[in-house]
Each structure stands twice: as C-alpha cells, then as structure tokens.
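Asks: Whatever this is, show me its structure:
(chains A and B)
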Amino acid sequence: MPDLGKYADAVLSAYGVSILLLVLLVALSLRQGKRARRALQDVEKRSKPNA
Amino acid sequence: MSMTEDTATPKRPSGFWSYANPVKFLGLSERVLPALWGLAALSLIVGLIWGFFFTPDDFRQGSTVKIIYLHVPSAMMAINAWVMMLVASLIWLIRRHHVSALAAKAAAPVGVVMTLIALCTGAIWGQPMWGDWWAWDPRLTSFLILFLFYLGYIALWEAIEDPDTAADLTSVLCLVGSVFAVLSRYAVNFWNQGLHQGASLSLDKEENVADVFYFPLLVCIAGFVLLFLALVLYRTGTEIRLRRTRALQAREARL
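Replies: Modelled structure (predicted):
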C-alpha cells in the first residue's frame, strides 16, 4: 500500500466510490441481460407449438 | 404482370448498415463480447494498479493526483457516450433503424454512471485542492446539467409506452443535450474563468501531464473505452431481446 499521506481519505474514497459504481453497473447489466434472455427463450418455447 | 428480379426482392443492406438487422447485430456482439470484456478488465486492472501503486505523488497535489486515473477517463466517457447516443439518435431519425435507437437507449445508463463518477471524484479531488466540494465553475456546471440530461433522457424512455414515439422524442432530447456535452468539454476554453483547469492531455500543448502519470492514464482511458463498448454492445442485445419478447407476447395475446 503506497503512503497516501494526509490525502489518504480523499484518494481511497474516490477509488471506493468509482469501483463500487462500475461494479454495480456491470452487475445490473448482466442481471438484466440474463433475465431478458430467459424471458425470450420462454416466449419462443411457448410460441413454437403454435407455429 | 411480371416483375423484374430487382423489384421482386428488395436490396439487402451491406457493410456497416447490415448490422441494423437485429439477428446479425446479436451474432456480431456474441462473437466480440468475450474479447471486449477480457480486454476491458485487463486494461482497467493494469491501469489502475499501475496508477495507484506505482506512480509518485505530484509535487503540488500530493497523492490526490492518483484520482486522475478515474476522473479523466470517466469524464471523457461521459461526454463520448452522449456523442455516441447523438450519432445513434441521428441514424434513427434519418434511417429508422431500430437497433440504433436501442443502442442509444442502452448507452444512457452507462453514460450516467460515467458522469456520476466524474462528478464524485471531481468533488472529492476538489475539496482538498480548491477548499470546496463544489464550485459553480463553467465546466462543473455544464457537467451537472449533462448529468440531469442523462436522467431526463432515461426517464423519457420509461415514460412513453410506444417505443417508436419514445425513440423519436428521446432522439430530439439527445440533440438538445448535445449542447451541454460540447460545453462540458469546451466550457473552459469558452469562458476563461472558474477553477477547473484546461485539457490535460492535448498533444499540441507544451504544458502537459508528465509521462510518469501519462502512460498509466492512457491505459485507464483504454480500459474505460473498452468497458463502455462492452457494456453498450451487451445492453443493446438485452434491449433487442426485450423488444422481441414484447412482440411475441403481443402476438400471443392476439391469438
């Protein structure tokens, strides 16, 4: 760990907030993507016997 | 009446425009996404570790200079995401390709997070350097308005039920908001006042970021660009699937 001196709080909080926001963005995007994929598969499965 | 072959079969778009076909777009994104995710993660990890652990303190700003590796790339992407949305919106308005409208919609949440990171890291950096979390400086103010435009753009998509009308109105909003995307970049040059410094990375300037900070910053910028591309491709795929699901459900309901 580098010596951040008197600005340690500022630097660490900037990294903490940014990494948290990026991880949340990726996680939410992946969750929405998986749900959309599953929903489409279900509808396609249901609509196939009618085709 | 006989038809010639030309009139009987419409000409298929080729090259770039062929990706307006959702199936072709999904095929391409499935192929390139694993590499994009991997490269984005690699460059972000390398860039941030390099910048955080292996660069010295600045003689004036001390260790707060390490915030540059998050602040500058996120601010760049906040503006570039809006520019990408502008191009996609224009394609929708002119050529009516649904994939481009969905790509603009998919990019907005990524842009809003980038803007939020830029605003948060800017405030955290500003407090020890300027003595204040916030100043009504031209660049900061135009960035805040850009953030509000992102929120308005996302809200407008959610508020309108008909997807084509939503795409039309959000595209117009995107055109208007572009003024603030441009101002976020050039406000410092237009109004020679305020606390925020000018561009740090201009190649034509004598006073530039020192190499020891510059190279890890370039890696971080590459990481943010790749992450943006991966997220937009992935999220556009999600939007295409949601649209297809709604269409099939509507057909089911009619039967």
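
Asks: contacts, neighbours, all on C-alpha from now
Replies: Noted.

Asks: residue ranges with poor pLDDT in chain A?
Replies: A:49-51 (pLDDT under 70).

Asks: So the helix or strand in which residue B:85 is found, near chain A or not?
Replies: If you go by DSSP states H and E, residue B:85 is part of helix B:68-95. Yes: Helix B:68-95 reaches chain A (C-alpha under 8 Å from any C-alpha of the partner chain) through residue B:70.

Asks: Equivalent analysis for stretch B:217-237, please.
Replies: Yes: Stretch B:217-237 is in contact with chain A by C-alpha under 8 Å from any C-alpha, via B:231, B:234, B:235, B:237.

Asks: what about residue A:32, distance to residue B:167?
Replies: Applying C-alpha to C-alpha, to the nearest Å, the value for residue A:32 to residue B:167 is 20 Å.

Asks: Equivalent analysis for residue B:218, please.
Replies: 35 Å.

Asks: likewise residue B:32?
Replies: Here the criterion is C-alpha to C-alpha. By it, residue B:32 lies 26 Å from residue B:167.

Asks: which of the two has more neighbours?
Replies: residue B:167 (24 against 12; other C-alpha atoms under 10 Å in any protein chain shown).

Asks: residue nearest the centroid of chain A?
Replies: residue A:27 (1.8 Å; C-alpha atoms, centre = their mean).

Asks: in what helix or strand does it lie?
Replies: Assessed by DSSP H and E, residue A:27 sits inside helix A:8-47.

Asks: elements contacting that helix?
Replies: Helix A:8-47 sits against helix B:98-130, helix B:211-254, with contacts defined as 3 or more C-alpha pairs under 8 Å, 6 or more residues apart in numbering or on different chains; DSSP states H and E.

Asks: Tell me which of the ones you listed lies nearest to residue B:153.
Replies: Nearest to residue B:153, of all the helices and strands packed on helix A:8-47, is helix B:98-130, at 7.5 Å by C-alpha to C-alpha.

Asks: follow-up on the earlier one: which of the helices and strands packed on helix A:8-47 sits most buried?
Replies: helix B:98-130 (a mean of 22; mean count of other C-alpha atoms under 10 Å in any protein chain shown).

Asks: and the direction of that helix versus that of helix B:68-95, what angle?
Replies: Orientation check (axes from the mean of the first three to the mean of the last three C-alpha atoms, to 10 degrees): helix B:98-130 against helix B:68-95 gives 150 degrees.

Asks: what's downstream of helix B:98-130, the next helix or strand?
Replies: helix B:138-159.

Asks: Give me the helices and strands touching the helix or strand following that following helix, please.
Replies: Sequence-wise, the next helix or strand downstream of helix B:138-159 (DSSP H and E) is helix B:163-190. Helix B:163-190 sits against helix B:68-95, helix B:138-159, with contacts defined as 3+ C-alpha pairs under 8 Å, 6+ apart.

Asks: got the buried residues for helix B:163-190?
Replies: In terms of neighbour count (16 or more other C-alpha atoms under 10 Å in any protein chain shown), helix B:163-190 has its buried residues at B:166-171, B:173-175, B:177-178, B:180-188.

Asks: tilt between that helix and helix B:68-95?
Replies: Using the same axes, to 10 degrees: helix B:163-190 against helix B:68-95 is 130 degrees.

Asks: quick check: mean pLDDT across helix B:163-190?
Replies: Average pLDDT, helix B:163-190: 87.
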